[in-house]
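1. Got a predicted structure here, sequence first:
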Amino acid sequence: MAVVGNTYLTLKDKIAQTENGKVTNTIIDLLAQSNEILEDAVVRECNSGSVHKTTVRNGLPEVEFRQFYQGVKCSKGEYTQVTDTTGMLEVYSQVDKSLADLENDTNQFRLNEATGFLEAMNKTVSENIFYGVKATNPAGFDGLATRYGKLSSDANSIGYRVIDAGGTGSDNTSIWFVTWGDLHTHLLYPKGSNAGFQHEDKGAVTVTNADGTMYEAYRDHFKWDIGLSVRDFRSTCRIANIDVSNLAGESAAKLLELMVKAYHRVKKYAKTGRTVIYCNDTIGTYLHLQAMNKANVNLTIDNFAGKPIVSFLGIPVKNCDAILDTEAQVV
């Protein structure tokens with residue numbers, strides 16, 4: 001299971017290749033600082049406009065031994081065609097021109113003022129990567145929890161990659177083993193676009209207030225076209241129904257056992273991708289404390305990408321604020 005290094009382009013890499021150090025590159029750095037998924041997630045261009053059509057293997061072809069002068073039957077694998085879409089996320093930021101002109105670096109001041117808007121975009125993208133539901137928000141896309149939203153004992157189904165931690169009610173959370181790669185899970189951007197993220201400096205504009213008064217302002221337009229594709233559902237796994245009020249005593253050993261199960265459910269399918277474990281701060285703090293116990297040999301504190309990070313069997317564990325403590329029970 002590949003965990004260190006990445007031969008695929010992340011969104012940050014793609015922007016860096018095309019922007020040549022322009023302000024959008026700086027914006028992506030700001031986004032990545034508050035959303036570590038952007039440092040991991042592989043990004044691919046849609047193959048049909050803003051839509052990505054692909055196939056998911058759900059059965060292997062039949063093979064057989066052959067004797068001399070005898071033939072074998074033609075066979076083929078079983079596939080399901082899947083269509084994923086991208087959503088358009090947009091926002092405008094504007095600052096009073098006279099105020100911005102007081103600064104030595106007007107562009108930097110404008111960017112500083114826009115950070116709140118960028119943080120809101122980042123938060124929305126993160127939430128939708130996990131919890132997006134296209135059925136209720138047609139402009140968005142289906143997230144991981146929507147796809148991995150049912151339990152199943154069928155080893156060939158996506159539901160088998162959802163492990164039940166036993167929690168009930170609506171105070172649960174999840175741990176995700178996500179494998180990023182072209183053949184696994186990846187983000188999408190529309191065909192022909194600049195990796196889906198665009199920043200346009202609209203320059204100075206006249207703003208009219210509700211009372212009819214006007215003033216001059218600098219305006220920026222931010223647009224993020226993004227989607228999600230799960231090419232091989234077998235290489236990602238969700239530990240669901242983790243009761244956050246019960247992370248003590250016997251549940252400590254149980255949670256680590258469930259993580260071992262998740263590891264082995266994705267291990268053989270994740271060899272051509274990069275697996276990262278995501279959890280929220282509640283679980284992240286808990287795992288960090290467990291890693292300090294030297295008896296837990298599966299959990300360690302390692303140096304990853306230049307900073308200390310908890311690892312489970314060599315897979316980095318990263319905190320993601322978008323993962324809730326209030327998930328409903330998955331059944």
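-> Okay, I see it. Predicted, not measured: the structure shown is a model, and the values here were computed from it.

2. Tell me the span between the first and last residue of stretch 137-152.
-> With CA to CA, to the nearest Å as the measure, the first residue of stretch 137-152 is 26 Å from its last.

3. Just give me how far it sits from the chain centre.
-> Centroid separation for stretch 137-152 versus its chain: 13 Å, with CA atoms, centre = their mean, to the nearest Å.

4. for it, which positions count as buried?
-> For stretch 137-152, the neighbour count (16 or more other CB atoms under 10 Å) marks 140-149, 151 as buried. C-betas here are computed from N, CA, C, even on glycine.

5. How about stretch 160-167?
-> 160-163, 165, 167.

6. quick one: average confidence on that stretch?
-> For stretch 160-167, the mean pLDDT works out to 95.

7. For it, give me every contacting residue.
-> 148-154, 172, 233-234, 236-243, 246, 254-255, 258, 261-262, 265-266, 329-330 (CB atoms under 8 Å, 6 or more residues apart in numbering).

8. One more: stretch 203-211?
-> 94, 97, 214-219.

9. What is the burial count for the nearest residue to R147 once chain neighbours are set aside?
-> In space, and not counting its chain neighbours, R147 is closest to V230: 5.8 Å by CB to CB, 6 or more residues apart in numbering. Neighbour count of V230, defined by other CB atoms under 10 Å: 22.

10. try G273
-> G273 has 27 nearby residues by other CB under 10 Å.

11. Isn't G227 up against G143?
-> No - the criterion here is CB atoms under 8 Å, and G227 misses it with G143 at 10.3 Å.

12. Just the buried residues of stretch 137-152: which are in helices?
-> 144-147 (DSSP state H).

13. Put together JSON lines for those residues, with distance to D325 on each row.
-> Formatted as JSON lines, these follow (distance: CB to CB, whole Å):
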{"residue": "L144", "distance to D325": "17"}
{"residue": "A145", "distance to D325": "14"}
{"residue": "T146", "distance to D325": "19"}
{"residue": "R147", "distance to D325": "21"}
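
14. just those now: which is nearest F109?
-> L144 (37.5 Å; CB to CB).

15. does that closest one really touch F130, like I thought?
-> Yes - if you go by CB under 8 Å, L144 and F130 touch, sitting 5.3 Å apart.

16. Mutual contacts of these two, please.
-> Joint contacts of L144 and F130 (CB under 8 Å, 6+ apart) are W176.
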